[in-house]
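Novice: sharing a model that was predicted from the sequence below.
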Amino acid sequence: MDPFDPALLAACTFIGLVAGVLGGMLGIGGGIVIVPALLMLFDARGLEPAIAAPLAVATSLGSIVFTSMAAAYAQIRRKAVEWTVVRRWALFLILGSTASGQVAVLFPAGALPVFIGAFLTLAALVMFADWRPAPHRAFPGTVPGAGIGFGAGLVSGLAGIGGGNVIVPTLVYFNVPVLRAAATASTLGVPIATFGTLGYVLSGWNNPELPHATVGYLHLPAALAIVLLSVFGAPLGVAMAHRMPARLLKRTFAIVLIAAAARVLYSGLTTLGWI
């Protein structure tokens, strides 16, 4: 595969714009757009699924570092970030995300995507319904919060989704308004994506089956092409989010979650041979 294929890089640039807008608007980092698109692009160029999947996830996470930075900067300027959550969760999210590259190889093929897809489907249904958390429900203490943070980082790194798909519904469950939940998820997406990328770089280091212009499983030309426009799309998405009614924002997020769940479930069920 030619890593500097003009068609590949042009497609990645467009993907980056779409991912940036969605990432800024919903705090999701854009991975649910980037990963399936990269999988199709890599498959069309003859890469084996065993290589294409971690390559797509790692490249998604690598580009999300910069998308999340752009979205986080815009959200911080609007004073929308819940810094208490960031301080409590950042370390545990980093640990979970860093572990993802090593943990991914321990699961039976297809089993983990099915679990993640089922989780995202449940979260989407809760967000789409006009469900309201119990008003007395408070943010969890140190020990439960550490477990939630580690689990969110691990799942996010394994799926290449940047964290928002897990973090936003979790924060809404604990009575954080959806707009502030999305802003906080964007901010936490920076360490999740950074250390998740590092995990995949290390796990793919010196793999002779990887194509040229890669560092571990990170495809550098594709990641740079995605970042090119995603950093401009992210602030645009943030501005859109701050103009949307909270209910519409929640339901938009739910629809995107359902799309993510469908993609992950299809991948897992296909690998297991159930469809």
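Specialist: Looks like it came in fine. Please read these numbers as outputs of a predicted model, since none were measured by experiment.
Novice: make sure Ala138 is actually in contact with Val176.
Specialist: No: using C-beta atoms under 8 Å, Ala138 is not in contact with Val176, being 10.6 Å away. Bear in mind the C-beta positions are built from the backbone N, C-alpha and C, glycine included.
Novice: the two - which one has more neighbours?
Specialist: Val176 (22 against 9; other C-beta atoms under 10 Å).
Novice: can you tell me the SS state at that one?
Specialist: Under DSSP: H, G, I helix; E, B strand; the rest coil, Val176 falls in the coil class.
Novice: pLDDT score for it?
Specialist: pLDDT, Val176: 88.
Novice: so what's it up against?
Specialist: Glu82, Val85, Phe139, Thr184 (C-beta atoms under 8 Å, 6 or more residues apart in numbering).
Novice: quick one: the third one is in a strand?
Specialist: So the one you mean is Phe139. No: looking at Phe139 with three-state DSSP, it is coil, so not inside a strand.
Novice: backbone phi and psi for it, please?
Specialist: The phi/psi pair for Phe139 (degrees, to the nearest 10) reads phi -60, psi 140.
Novice: measure the residue lying closest to Ala182 once chain neighbours are set aside to Ala99 for me?
Specialist: Spatially, and ignoring its direct neighbours in sequence, Ala182 is nearest to Gly27 (3.3 Å; C-beta to C-beta, 6 or more residues apart in numbering). Taking C-beta to C-beta, to the nearest Å as the measure, Gly27 falls 22 Å from Ala99.
Novice: compare the two (neighbour count), which wins?
Specialist: Between Gly27 and Ala99, Gly27 has the larger neighbour count (other C-beta under 10 Å), namely 35 against 18.
Novice: the more buried one touches Arg180, doesn't it?
Specialist: No: Gly27 is beyond contact range of Arg180, at 9.6 Å (criterion: C-beta under 8 Å).
Novice: in the protein, which helix is the longest?
Specialist: Ranked by residue count under DSSP state H, the longest helix found in the chain is helix 49-77.
Novice: now that one: buried residues?
Specialist: By 16 or more other C-beta atoms under 10 Å, the buried positions in helix 49-77 come out as 51-75.
Novice: show the subsequent helix or strand relative to it.
Specialist: helix 83-103 (DSSP states H and E).
Novice: name the residues that touch that next one?
Specialist: By C-beta under 8 Å, 6+ apart, helix 83-103 touches 54, 58, 139, 142, 145-158, 163, 171, 176, 184, 187-188, 191-196, 198-204, 217.
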